[in-house]
Structures are given as structure tokens and as C-alpha cells.
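In: Sharing a sequence plus its predicted fold:
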Amino acid sequence: MDSDAGPDSSAEPVRESPAGTRVRMQRRLERIVRENRFTIAVLFPVVGAVTLVASAEGLLPPALAYNPLLLLFGTLVMRSPLLVGLLPRIDRWAAGWLAVLTAYTYAIEILGVRTDWPYGAFEYGVSLGPMAFGEVPLALPLFFLPLVLNAVLLTVLVLGPLGDRALVRIPVAIAAVVAVDLVLDPGAVAIGFWTFEAGGYYGVPRSNYVGWVLSGTVAVSLVDLAFDRAALLERARDCEFILDDLVSFVLLWGSINLLYTNWLAAGVAGVFCLGLFATGRYDLEMVRTALPG
């Protein structure tokens, strides 16, 4: 027997487990988001607001004005902190309920386009990318689901122990979802994303917000079913950038509302700023560490 024989060269290399691969990819994604927080959460929405207003005012060439590819790319980048932050909590159970919520999102929007219920009569003014069934944007879940998830996460963080009670956290989260639309729709109408036949609140009828109460109730309830509250709260507390998408939303739509003098809508955006500060993660030190270099 050769006692000088080295390690068995025929041994197969150790393969990384699927769980190990997922952890490694998660860490890589989190590093990318952390290293680019200022660009994602501040520069993108500021550039987006300028570009959208310039499109609405006819200051951009047709090839760039309301360019759907740029709209989808910018939205996806701003959503990335939320998506990366939630990824560790999306198991098969959560994915299943989020799939139900996605189907509901398409269904209620198609119903709204065809029947004017529950939001009131409206129509899209610009292309938001490819259309599903020729009626609603294919990327609709990318626009709608994060609004609900942001509202739920903010509610979970601000309420703390009070959020243990479903009768508290669900109504508060629904109110937050409706408040999101109090910011979104006036800004979207101002820049021509969509229009309503009848308007009251900066061109948006009250029936729209009745519809959002309905949609918000269904959406928040499905998200509440999808995630374990304690695990979601732990992740929200540990992941410092998970609400950066809400920061982007406030900067983008708050700025647009200010420019078009939608003062009440801009004020609601300011309330979201207070909510973000109440989480204890957005302060001058956070801004300093998020700045590049």
C-alpha cells in the first residue's frame, strides 16, 4: 500500500445546497442594494419626477416622453429594496397568497375598466407597457402590490406590539393603503397617467376612494394571511432598507403634487414622511451612510 498517496483525486467536488445558494444570492442582492441606497431611493425618484413632469409639459422628444421601457425600468429599480428585503420571508405559503393577490389585482382592474366599478369611470392616458387582454397594464402588480406591502410594513413597524391585534393592524393598514392613493392618484392625473370622467379631489372622484377601501381591504387581508406577523416584524426591523421604496414613492409623487399645487396630496405625503421617521431608521446618520463614497 502506497502510504504517500495524496487525497483521492477522483472524489467529486462538494456541491452547494439549494438553501446555501439562496442565502448566498440573498446576501449578494442585499449588498448591491446597501451600496446603492442613495441612488435607488433618492436619485431615481427625483429623476423620475423631473422626467414625468417634462413629459407632461411637452418638454421631451416623443421617443423619451412617457417612454414605457424607462417607466418600467425605473419602477423596478425603486421597488428593488422592498423585493430584496421581503425575499427571505416569501416561502411557498406566502407565494401562493401573493399569487392570489396578483390575480385579484388584474381582476378588479379589468372590472373597473369594463364597468366603471368600483373606482369610477377612468381611462389610461399613456402607455404603461404591454397591456394584458388589451385593457390593463401587464405590469400592474409591479405598480400595485408594493403600495400595499409598503403600507403593511410601515403599519407593522409603527404599531409595534399593538399590531398583535388583527382588529388594530388590519384597519390601520387599510387606512394607510387608501392614504397612499390620496397621494398617487392626484399626481397621476396631473401628469396624464389616467383621467376620470368626474373629479372632485384634484380630478379624482370620491367613488375612487370607496373602491380603494374595497381593494385595500382585500389586499391587506391577503397579505396578512401570506406572512407570519412576528417573522415579518423581525425582518422589517432587521432590514434597514426594506422601506426605501416608500421613500422613493414619497419623493416622486410628493414632488409632483407640490409642483402641481396639489397641497393636500403633498401634505399626505408629508404624513408618510413622519411615519418613516417614526420607525427610527431615517435620520441624518442614515443619509450620511447612504451617500455614495
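Out: That came through fine.
In: contacts, neighbours, all on C-alpha from now
Out: OK.
In: nearest spatial neighbour of Asp116, skipping sequence neighbours?
Out: Leaving out its chain neighbours, the residue that sits closest to Asp116 by C-alpha to C-alpha, 6 or more residues apart in numbering is Phe122, at 7.0 Å.
In: How about Gly254?
Out: Nearest non-adjacent residue to Gly254 (C-alpha to C-alpha, 6+ apart): Ala266, at 5.0 Å.
In: Low-confidence stretches in the chain?
Out: Along the chain, the parts satisfying pLDDT under 70 run over 1-14, 284-293.
In: let's see it at 50
Out: For the chain, the stretches flagged by pLDDT under 50 are 1-3.
In: middle-most residue in it, spatially?
Out: Residue closest to the mean C-alpha point of the chain, counted by C-alpha atoms, centre = their mean, is Pro146 at 2.7 Å.
In: you'd agree that residue is up against Pro81?
Out: No. If you go by C-alpha atoms under 8 Å, Pro146 and Pro81 don't touch, sitting 10.6 Å apart.
In: if we can go back for a sec, okay but the residue nearest to Gly254 is in contact with Tyr260, surely?
Out: No. In this structure Ala266 lies outside contact range of Tyr260 using C-alpha under 8 Å: 9.7 Å.
In: Those two - which one has more neighbours?
Out: Ala266 (26 against 15; other C-alpha atoms under 10 Å).
In: element containing that one, please.
Out: Taking DSSP states H and E as the criterion, Ala266 maps to helix 263-278.
In: so after the helix or strand hosting Tyr104, what's the next helix or strand?
Out: Assigned by DSSP H and E, Tyr104 belongs to helix 92-115. Later in the chain than helix 92-115, the nearest helix or strand by DSSP H and E is strand 122-124.
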